[in-house]
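>>> Generate coordinates for the sequence data below:
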Amino acid sequence: MHLIDSTTPQFSNSAGSQTIAASNNFPILVGWWMTTFLINLKENGVLEPHWHPNSAELSYRIRGRARMTIFPSNSDADSFTVNTFTVDLGEIVFVPQGFMHDIENIGNDDAKFIIAHSN
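This is a model prediction of the structure:
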């Protein structure tokens with residue numbers, strides 16, 4: 001069994017780390033259109049605003065306190081407003097494909113998320 005939590009992060013800086021589980025390091029994913037990330041945000045860390053032009057996202061908070069902001073895509077700007085909210089422990093957040101979003105650690109400890117992408 002290969003555990004994402006015991007895998008060395010592919011990206012790390014003073015704000016936190018990102019560990020990727022994809023077909024190149026998790027062979028069970030070969031042939032599946034799926035990638036999973038373990039995101040660890042240090043105190044005051046931010047996963048800066050970004051979007052995914054080719055996948056939707058499910059974010060699941062497993063530790064700490066965090067806030068997310070989701071911005072509408074250009075085509076949905078009239079029907080979807082900017083939404084900023086606290087993500088509760090154990091809550092899953094859906095981010096539609098193409099929507100800009102960010103995650104901020106608003107607690108005093110690390111905030112940790114498992115994030116899954118459809119592509």
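>>> State the distance from the residue nearest the centre of the chain to residue 68.
By CA atoms, centre = their mean, the chain has its centre lying nearest to residue 115, at 4.3 Å. In this structure, residue 115 lies at 11 Å from residue 68, with CB to CB, to the nearest Å as the measure. (Each C-beta comes from the backbone N, C-alpha and C, glycine too.)
>>> where does the protein have low pLDDT?
Residue ranges of the chain with pLDDT under 70: 1-3, 5, 74-80.
>>> Tell me where it has strands.
All strands of the chain, identified by DSSP state E, fall at 11-13, 16-21, 35-41, 46-50, 57-63, 66-70, 83-87, 92-95, 101-105, 111-117.
>>> in the sheet, who's paired with residue 84?
Per DSSP bridges, the residues bridged to residue 84 are residue 69.
>>> Give me the distance between residue 47 and residue 29.
From residue 47 to residue 29 the distance is 22 Å (CB to CB).
>>> okay, the two: which has more neighbours?
More neighbours surround residue 47 than the other of residue 47 and residue 29, with 22 against 15 (other CB atoms under 10 Å).
>>> which residue packs closest to the more buried one, ignoring adjacent ones?
residue 103 (4.3 Å; CB to CB, 6 or more residues apart in numbering).
>>> residues near the one you found, how many?
Neighbour count of residue 103, defined by other CB under 10 Å: 25.
>>> The one 3 residues further on now?
Burial measure for residue 106: 15 neighbouring residues, criterion other CB under 10 Å.
>>> Equivalent analysis for the one 4 residues further on, please.
One way to gauge burial is a neighbour count; for residue 110, by other CB under 10 Å, it gives 15.
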